[in-house]
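Chemist: Please work out how this folds:
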Amino acid sequence: MSFVMYSTSWCGYCKRLKSQLAEQGVTFEEINIEEVAGTAEIVEKVNGGNRTVPTLVFSDGTAMTNPSAKQVVEKLADLQR
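Modeler: From the prediction side, this is the model:
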């Protein structure tokens with residue numbers, strides 16, 4: 001996996017992004033911050049204290065908050081270079 005998506009079960013933005021990425025065949029690990037202890041703190045750290053989802057953390061340590069599917073695909077292409 002090239003990234004982890006931190007999400008919640010009720011987040012419409014998360015659902016939309018997951019659907020768009022699935023259409024493009026992009027696979028990833030998903031972690032629900034309401035179900036996995038300690039993960040909300042990761043999201044807060046990346047987002048200046050906010051629990052904003054979806055937050056994606058890539059294999060190079062960079063993060064994106066509520067990105068478009070296009071931004072994610074571009075980032076994954078950059079990681080493969």
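
Chemist: now V72: how far from T27?
Modeler: To T27, V72 is 12 Å away according to C-beta to C-beta, to the nearest Å. For glycine as for every other residue, the C-beta is placed from the backbone atoms N, C-alpha and C.

Chemist: more neighbours, these two?
Modeler: V72 (23 against 9; other C-beta atoms under 10 Å).

Chemist: and the more buried one, what is it in contact with?
Modeler: 3, 17, 21, 26, 56, 64 (C-beta atoms under 8 Å, 6 or more residues apart in numbering).

Chemist: what does T8 give?
Modeler: 14, 32-34, 53 are the contacts of T8 under C-beta under 8 Å, 6+ apart.

Chemist: what about burial for those residues, which qualify?
Modeler: Buried members of the contacts of T8, counted by 16 or more other C-beta atoms under 10 Å: 14, 32-33, 53.

Chemist: Out of the contacts of V72, give me the two with the largest separation.
Modeler: V26 and M64 (13.2 Å; C-beta to C-beta).

Chemist: Shouldn't L17 be within a strand?
Modeler: No: using DSSP: H, G, I helix; E, B strand; the rest coil, the secondary structure at L17 is helix, not a strand.

Chemist: which residues does it contact?
Modeler: By C-beta under 8 Å, 6+ apart, L17 lies in contact with 5, 54, 66-69, 72.
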